[in-house]
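Chemist: Sequence and predicted structure are below.
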Amino acid sequence: MTDCLLIVFVKNPALGRAKTRLAASIGDEKALEVYKFLLEYTRTTTQATNADKVVFYTDFVDKSDSFDSTAFQKQLQIQDDDLGERMYNAFEYAFGQGYERVLLIGSDCYELSTDILNNAFDELKEHEFVIGPANDGGYYLVGMNRLEKKIFTHKTWSTAEVFGNTVQDFENIEATYAILPMLTDIDYLEDMSEDLKKRFNL
């Protein structure tokens, strides 16, 4: 056990439920194909980090997927419609297990790298919080070295104000924080690089 934990939030891949905003442009089957690719990319990227790792699933703990149980702990997200509550619950779990530096990411960012994740953990040696802005106004990563619920409350998730509002929360509680490079989450067809589009014949 290390003192660092990387939390990975994933949706159980299912036709008609994966990448629904992307599916509006490319159809359910292609969207599911893209999401399964992103899950595999996330697994590869996270597995190489210098930290313990846990996958939090939306619907059920999948013991047979590619997130190898020898490398990844597996948990179920609390069944709450509010993303903030689910994220806070995951951080509460992490600190309850004795971890001192904790990151949380999703599984939608094809630009995320192992180096960025390791750097984010390093930032938590000097700062209380770390955040990685997404170019849609949200964030692809959030991390902390102490539990703080305020940053997960009073947010309209999946909107362009989430990153700015969260940074304002850091300021309001006079916390130290680091901001990582801006990256792109894949939610719409225009978020995909030309190489990715070619990979899926889009």
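Modeler: Good, I have the coordinates.
Chemist: Would you mind measuring from residue 179 to residue 139?
Modeler: 10 Å (C-beta to C-beta, to the nearest Å). Glycine gets a C-beta too; all of them are placed from N, C-alpha and C.
Chemist: overlap in contacts of those two?
Modeler: Common neighbours of residue 179 and residue 139, using C-beta atoms under 8 Å, 6 or more residues apart in numbering, are 131, 132, 133.
Chemist: What count of nearby residues applies to the closest residue in space to residue 16 that isn't next to it in sequence?
Modeler: Distance criterion C-beta to C-beta, 6 or more residues apart in numbering; nearest residue to residue 16, sequence neighbours excluded, is residue 28 at 5.0 Å. A count of neighbours around residue 28, defined by other C-beta atoms under 10 Å, yields 17.
Chemist: Residue 28 contacts residue 15, correct?
Modeler: Yes. Counting by C-beta atoms under 8 Å, residue 28 does reach residue 15; the two are 5.4 Å apart.
Chemist: thinking again about what came up before, which one of residue 179 and residue 139 has more residues nearby?
Modeler: Between residue 179 and residue 139, residue 139 has the larger neighbour count (other C-beta under 10 Å), namely 24 against 16.
Chemist: Residue 133 is in contact with the more buried one, correct?
Modeler: Yes. Counting by C-beta under 8 Å, residue 139 does reach residue 133; the two are 5.5 Å apart.
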